[in-house]
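>>> Here is a sequence with its predicted model. Questions after.
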2 protein chains.
Amino acid sequence: MSKPAARTRLADAAFALFDERGYEQTTVDDIAERAGVGRTTFFRHYRSKEDVIFPDHDRMLEQIQDRLATSSHATALAAVSDAVRLVLLHYLAEGDLARRRYRLTSKVAALRDREIASVARYQRLFREFIANWMGDSTESASLRAELMAAAVVAAHNHVLRRWLRGESPDPVAEVDEAMREVLSLFPGPRSPSETGDGGTTVVAFRTGQDLDLLLPSLRRLVEGQTGQ
Amino acid sequence: MSKPAARTRLADAAFALFDERGYEQTTVDDIAERAGVGRTTFFRHYRSKEDVIFPDHDRMLEQIQDRLATSSHATALAAVSDAVRLVLLHYLAEGDLARRRYRLTSKVAALRDREIASVARYQRLFREFIANWMGDSTESASLRAELMAAAVVAAHNHVLRRWLRGESPDPVAEVDEAMREVLSLFPGPRSPSETGDGGTTVVAFRTGQDLDLLLPSLRRLVEGQTGQ
DNA sequence: TTATGAACGGTACTCAGTACCATTCCGGTG
DNA sequence: CACCGGAATGGTACTGAGTACCGTTCATAA
């Protein structure tokens, strides 16, 4: 008699039943029964019915936290981009499982909300990391941290969803490209080595944009992100 | 005997009990009892226990949808910024109620998740509106829509949270400023009226930034948002 | 007055999640 | 081998949210 750890059997049974009858139409009793274990055992392995579908978000969050804590990047945004890359890789490693979960979350509002809440925790982590990194506790720096975290997470979600829908043959390349896009939105401060005469660039262009709209961007380009 | 619509009494009773004993320690029976109505009546007025705290997110969402549908703005981002301003005003109109809710959501994970899920619905609405507006269904346009929606929502949340914590004396001015910041992140396309010779501007500046990082921004500035 | 429909209250049910207790299984120790 | 101790398991019973259904009350209009 093989005993694939009960935990595995529970997850298999759960996904199978969710596919057959739908999430709400499946009770925990059903899952336990099909897995051939008692109801109590189910709740020993998974804190809740939803947890069968999102088993390792907690572990992932810690992993990301560690990665950020030990990261050595030139900018906060680079560190966070690197960390969010880890999240994507985790999903990719799950392969088909991630896609089955996606199909479920697309249909069941409760699961979608749960997923969103998890992502929000990443975003919060990023925001705090960036704000902390910048040191600067002014209101505008804080807003900037918020915008950066939101952008990184949005870019990640964008690529992830594309992959989950089977629209992205190479999500890793896409996420890297998307992160470049994000980085380009937030011109960083000039590093000390760049403040010499060597780093000078002159650009001339023409635009119909309102000057008021353009000013903040230009100010940051010239003064660095602590400006304003 | 005054009968303030029962619904109001239920909400009052709920908030009072949540403050006294905490959210989880309060049952729906408790709320109904204090409001002087039956348990059934509670669920007639509010779909769930959480709903007492977030009574009109649904209505708000529709209101925003209407606003977007009938909006006449030069750019999608301007329309969305205007719409999200409505959300902020709604919170401000709630006054102290919004602050009590914030205190609750700060403590109770389930409520925080619920709030986050609501905000995500706004973001989704914005993303679809922007993507639709742009027409352009390329991958990079889609990513851009995602980033814009995320930025607008993040900026709104930032100002809202500041106000909820009592850190913002003039949130309306702050949200306008924050939206300008967001707009400045995403240089828009030049409108037809601006393509004439009259709108020409020449800017020269010096930067230590890597050229690769700068290029996408510049390209968009020159070619408009459909570029890439 | 009666008719009608909306709001209400009560009962009974399902199901998620918790608490507790008894049992079994398994490896180590005497 | 007999015994022990812990870990995994299963069962029972409970709380509380949410649903379904039914009978009653109450206001208003005819």
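Right, received. Where do you want to start?
>>> So which residues on chain A come close to DNA strand C?
With the criterion set to Cβ under 7 Å from any atom of the strand, chain A comes near DNA strand C through A:Thr26, A:Thr27, A:Val28, A:Asp29, A:Arg39, A:Thr40, A:Phe43, A:Arg47, A:Ser48, A:Lys49, A:Glu50. (Each C-beta comes from the backbone N, C-alpha and C, glycine too.)
>>> quick check, nearest of these to B:Asn132?
A:Glu50 (32.0 Å; Cβ to Cβ).
>>> In which helix or strand does the closest residue to that closest one other than its chain neighbours reside?
Among residues not flanking A:Glu50 along the chain, A:Arg114 sits closest, at 5.3 Å (Cβ to Cβ, 6 or more residues apart in numbering or on different chains). Taking DSSP states H and E as the definition, one finds A:Arg114 inside helix A:109-134.
>>> Now do the helix or strand following that helix against helix B:109-134, angle only.
Per DSSP H and E, helix A:109-134 leads on to helix A:139-164 as the next helix or strand towards the C-terminus. Going by axes from the mean of the first three to the mean of the last three Cα atoms, to 10 degrees, helix A:139-164 is angled at 80 degrees with respect to helix B:109-134.
>>> what packs against helix A:139-164?
helix A:76-94, helix A:96-107, helix A:109-134, helix A:171-185, helix B:139-164, helix B:171-185 (3 or more Cβ pairs under 8 Å, 6 or more residues apart in numbering or on different chains; DSSP states H and E).
>>> Any regions of chain A where pLDDT drops low?
Chain A contains residues with pLDDT under 70 at A:1-4, A:188-228.
>>> what's the domain layout of it?
Listed domain ranges for chain A are A:7-52, A:57-186, A:189-228 (source: automatic domain parsing).
>>> Just confirm yes or no for the first one near DNA strand D.
I take that to be domain A:7-52. Yes - counting by Cβ under 7 Å from any atom of the strand, DNA strand D is contacted by domain A:7-52 at A:Gly36, A:Val37, A:Gly38, A:Arg39, A:Thr40, A:Thr41, A:Arg44, A:His45.
>>> So the fourth one versus A:Lys49, what's the distance?
Okay, so that is A:Arg39. Distance, A:Arg39 to A:Lys49, by Cβ to Cβ, to the nearest Å: 11 Å.
>>> again, but for the third one
A:Gly38 sits 16 Å away from A:Lys49, going by Cβ to Cβ.
>>> the more surrounded of these two?
Legend: neighbour count by other Cβ atoms under 10 Å in any protein chain shown for A:Gly38 and A:Lys49, higher for A:Lys49 (19 against 12).
>>> what sits against that one?
A:Val28, A:Ile31 (Cβ atoms under 8 Å, 6 or more residues apart in numbering or on different chains).
>>> could you redo the last one with a cut-off of 7 Å?
Each residue near A:Lys49 by Cβ atoms under 7 Å, 6 or more residues apart in numbering or on different chains is listed here: A:Val28.
>>> now do the one 5 residues further on
Remark: with contacts taken as Cβ under 7 Å, 6+ apart, A:Phe54 is in contact with A:Arg114, A:Ser118.
>>> Now it. Its backbone dihedrals?
Taking degrees, to the nearest 10, you get phi -120, psi 70 for the backbone angles of A:Phe54.
>>> swap in A:Glu167?
phi -100, psi 0.
>>> burial of it, as a residue count?
Using other Cβ under 10 Å: A:Glu167 sits among 13 other residues.
>>> Please tell me how far it sits from B:Leu77.
25 Å.
>>> One more: A:Ser72?
35 Å.
>>> Settle it for me: which of those two has more neighbours?
B:Leu77 (24 against 6).
>>> Would you mind confirming that that one makes contact with B:Met148?
Yes - if you go by Cβ atoms under 7 Å, B:Leu77 and B:Met148 touch, sitting 5.6 Å apart.
>>> Now for the two: what residues contact both?
B:Phe186.
>>> circling back: check the gap between the residue nearest to A:Glu50 and B:Arg114 for me.
A:Arg114 is 11 Å from B:Arg114, by Cβ to Cβ.
>>> can you pull the contacts of the nearest residue in space to A:Ser71 that is not next to it in sequence?
Among residues not flanking A:Ser71 along the chain, A:Ala79 sits closest, at 4.2 Å (Cβ to Cβ, 6+ apart). For A:Ala79, the contacting residues are A:Leu68, A:Ser71, A:His73, by Cβ under 7 Å, 6+ apart.
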